[in-house]
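J.: pasting a predicted model and its sequence here:
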Amino acid sequence: MLSFAEENYLKTIYHLSSGGLRSVSTNAIAESLKTKPASVSDMLRKLNKKGVISYEKYKGVNISKSGKKQALSIIRKHRLWEVFLVEKLNFNWDEVHEIAEQLEHIRSSLLITRLDEFLGFPQYDPHGDPIPDEHGMVHSKPKTSLTKLETEQSGILVSINDTSDLFLQYLDKVGISIGSRIKVLDIFPYDGSREILINGKNKLSISQEVTENLLVAQ
C-alpha cells in the first residue's frame, strides 16, 4: 500500500511520462511537485522497491505496469470526485482540484464504485479530461488544438490544457465552457490572436496563449 505522498508522486510520474510512453528526469518531477531533486531521488528509491516504477540513477524513471494500474485508479477517483463536487455540490470548476486532491486518497473501492454509479457513469470530468473506468481503460474523444482551425471553421470545446484557477476563472468571465461551440472568425498573423464566435452569439478576441489551451472536436 502506498502512502498519500507516494500516490502523489506516482500520479505525477504517470502524467509526465504520458502514461509510460517515455522516461522522465528527476528534475522534471521536482519541478512539477515544487520540491528538491534530492527529495525526489529518495522517494524514487522507495517507489522502485515497491515495484511501481522502474528507476536507474542518471537514466530517468518510468512507471511500471502495476504502477500504471494504481495511478489510473488515483486519477479515476480524483476525476469522479470533481464531477461530484461540480454537479452535486455546485462548486465551480476552478474550485474542485484541491478538494479532489484530498479525496482521491480514499481507499474504499466500493465507495468509488457506488460514486460512479450515483453519478451515472460519467466519462469526462468538468475540465473535459477522460475518467478511467474500473478496469483502467481510458476512452478519449478525438480532439485538436483550436490553433489548427482556419477562418470560418468551428469546433466544440471538449478539453483544456491549462486547468489553473486563473485560466478557468478567465474562461468563466468570457463565457467559454466545456461544450461551447467556437467558430474562428479571423486570425491575426502579427501575434497569432483570433477573433472567435461563441455559441453563435458572442464575439471575442483571444490571445495565442489562450488559443493553444483550448482543445476542440469538429
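T.: Yep, that arrived. Numbering: from 1, shown residues only.

J.: now Asn161, nearest residue through space, not along the chain?
T.: Take Asn161 and drop its neighbours on the chain: the residue closest to it by CB to CB, 6 or more residues apart in numbering is Asn213, 4.4 Å away. From N, CA and C alone the C-beta is placed, and that goes for glycine too.

J.: got the contact list for the one you found?
T.: Shown in contact with Asn213 (CB atoms under 8 Å, 6 or more residues apart in numbering): Ile160, Asn161, Asp162, Phe167.

J.: which of those tops the neighbour count?
T.: Ile160 (21 neighbours; other CB atoms under 10 Å).

J.: what's opposite that one in the beta bridge?
T.: Leu214 (DSSP bridges).

J.: in this structure, which helix or strand is least confident?
T.: Least confident helix or strand, the chain: strand 53-56 with a mean of 88, by mean pLDDT, DSSP states H and E.

J.: relative to Lys57, how far out is Ile196?
T.: 48 Å (CB to CB, to the nearest Å).

J.: neighbour count: those two, which is higher?
T.: With neighbours defined as other CB under 10 Å, Ile196 and Lys57 compare such that Ile196 has more, 25 against 10.

J.: you'd agree that one is in a strand?
T.: Yes: under DSSP: H, G, I helix; E, B strand; the rest coil, Ile196 sits within a strand.

J.: any chance you could map the strands in this structure?
T.: 53-56, 60-63, 144-145, 154-160, 181-188, 193-198, 202-206, 214-217 (DSSP state E).

J.: buried sites along the fourth one?
T.: Right, the one you point to is strand 154-160. Ser154, Gly155, Leu157, Val158, Ser159, Ile160 (16 or more other CB atoms under 10 Å).
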